[in-house]
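> Okay, predicted coordinates and the sequence, questions at the end:
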Amino acid sequence: MLEASGIFKALKLQTNYRSNPEILEFANALLSDIKANRFANLRLKANLLTKPTKDSFKKAVRLSSIVSSSTKAFNKDLPAIIASEATGYIKEKLAVNEKIAFLAYSKKSISLVEEFLKTAFPDVERNSLIPTRIYANTIFTKFIKHKWNDIKFANGANIINDIENSIFNNIEFLADSHSDTAREMAKDNATKIITGWRADYTNIITTWISAYSSGRLTFTELLNLIKDSMIDFEKNYNNNRQQWCQQKEHREKKSLLK
């Protein structure tokens, strides 16, 4: 739609300086079937003047057609497909120190390819351009939203331990599902975030408990301060994880594209 509007100027980036003419010829055949390319009419070309021939295409491009009844069936068979169809090619290219790129329709397929490569070629360096999906640790916010009333009867002097025990006693509820995997993941998330929270806030919480014991804070005020500390820590914890992951991916991509 943008290409046909006449409002925007289209700058076509069509010259490929890495791929050979044969693979670009094959890519152009696929581009011609994409509806979004109807107006752009993108055609890839190499920076070489040589024109692909039937023989050069057969030499440069190897095609293997696999038919599956569904995406689920395809993903189930994918490791075996890669093993039978691509292992020889991978070994051939690695022997001459060439890099190999794997493209896939979905992240699920890419993860299956990665798992196969880890097993089949454990000593070969692998990099991914797929952003890692970071799931926020929401143990504290879920606990506060649904189970905070349990803490209203806690012992003020032992409030941190009471909160930790209550979280683990309700871990099945706090998990994303009732599967064993989800439960173990929730336990791991709870352990990590509680450990970090204790390290950062134990001293200040101790002063709040002292203020409560001396009558300078009510129990409700104590609970509100602790609740706010849990929410603040969880927010910072997730932000730091996200930033660390982005920086790590940036370094890996920069190294991969050198």
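Thanks, I have the structure now. Because the structure is a prediction, the values reported are computed rather than measured. Numbering: from 1, shown residues only.

> What's the local residue count around Tyr237?
Using other CB atoms under 10 Å, Tyr237 has 19 neighbouring residues. Any C-beta I mention is one placed from the backbone N, CA and C, and that applies to glycine too.

> and Ala36, what does it touch?
With CB atoms under 8 Å, 6 or more residues apart in numbering as the criterion, no residue contacts Ala36.

> how close does Leu103 get to Leu63?
Look at Leu103 and Leu63: by CB to CB, to the nearest Å, they are 14 Å apart.

> ugh, typo on my part, it should be Ser128
25 Å.

> Looking at the two, which has the bigger crowd around it?
Using other CB under 10 Å, the more surrounded residue of Ser128 and Leu63 is Ser128, with 16 against 7.

> The more buried one contacts Lys248, correct?
No: applying CB atoms under 8 Å, one finds Ser128 not in contact with Lys248, separated by 11.2 Å.

> Any chance you could list what contacts the helix or strand hosting Lys59?
Lys59 belongs to helix 54-60 when elements are defined using DSSP states H and E. The contact list for helix 54-60, computed with CB under 8 Å, 6+ apart, reads Asn20, Pro21, Glu22, Ile23, Glu25, Phe26, Thr50, Pro52.

> How about it, which residues are buried there?
Counting neighbours by 16 or more other CB atoms under 10 Å, one finds that the buried residues in helix 54-60 are Phe57.

> need the next SSE after it, C-terminal direction.
Next along the chain from helix 54-60, counting by DSSP H and E, comes helix 71-95.

> What distance do you get for Ala186 to Asp176?
7 Å.

> Mind checking which of those two has more residues around it?
Ala186 (24 against 14).

> ok, now which ones touch that one?
Contacts of Ala186 (CB under 8 Å, 6+ apart): Ile139, Ile171, Glu172, Leu174, Ala175, Asp176.

> Name the nearest residue to Ile204, sequence neighbours excluded.
Setting aside the residues directly before and after it, Ile204 is nearest to Ser229 in space (CB to CB, 6 or more residues apart in numbering), at 7.3 Å.

> quick one: average pLDDT of the host helix or strand of the one you found?
Following DSSP H and E, one finds Ser229 within helix 219-256. The average of the pLDDT scores along helix 219-256 is 87.

> how about it: buried residues?
Result for helix 219-256 [16+ other CB under 10 Å]: buried residues Leu222, Leu223, Leu225, Ile226, Lys227, Ser229, Met230, Phe233, Glu234, Tyr237, Asn238, Glu249.

> Identify the farthest-apart pair in these.
Leu222 and Glu249 (41.2 Å; CB to CB).

> now this protein, which segments are flagged as low pLDDT?
Along the chain, segments meeting pLDDT under 70 span 1-8, 11-14, 16-17, 131-133, 253, 255-258.

> again, only using 90
Filtered on pLDDT under 90, the chain yields the residue ranges 1-75, 89, 98-111, 125-136, 150-157, 175-183, 241-258.

> hang on, the earlier thing: format the buried residues of helix 219-256 as JSON lines; extra columns: distance to Asn149.
Listed next are the buried residues of helix 219-256 as JSON lines, based on distance: CB to CB, whole Å:
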{"residue": "Leu222", "distance to Asn149": "15"}
{"residue": "Leu223", "distance to Asn149": "10"}
{"residue": "Leu225", "distance to Asn149": "17"}
{"residue": "Ile226", "distance to Asn149": "14"}
{"residue": "Lys227", "distance to Asn149": "12"}
{"residue": "Ser229", "distance to Asn149": "18"}
{"residue": "Met230", "distance to Asn149": "15"}
{"residue": "Phe233", "distance to Asn149": "21"}
{"residue": "Glu234", "distance to Asn149": "19"}
{"residue": "Tyr237", "distance to Asn149": "24"}
{"residue": "Asn238", "distance to Asn149": "25"}
{"residue": "Glu249", "distance to Asn149": "41"}
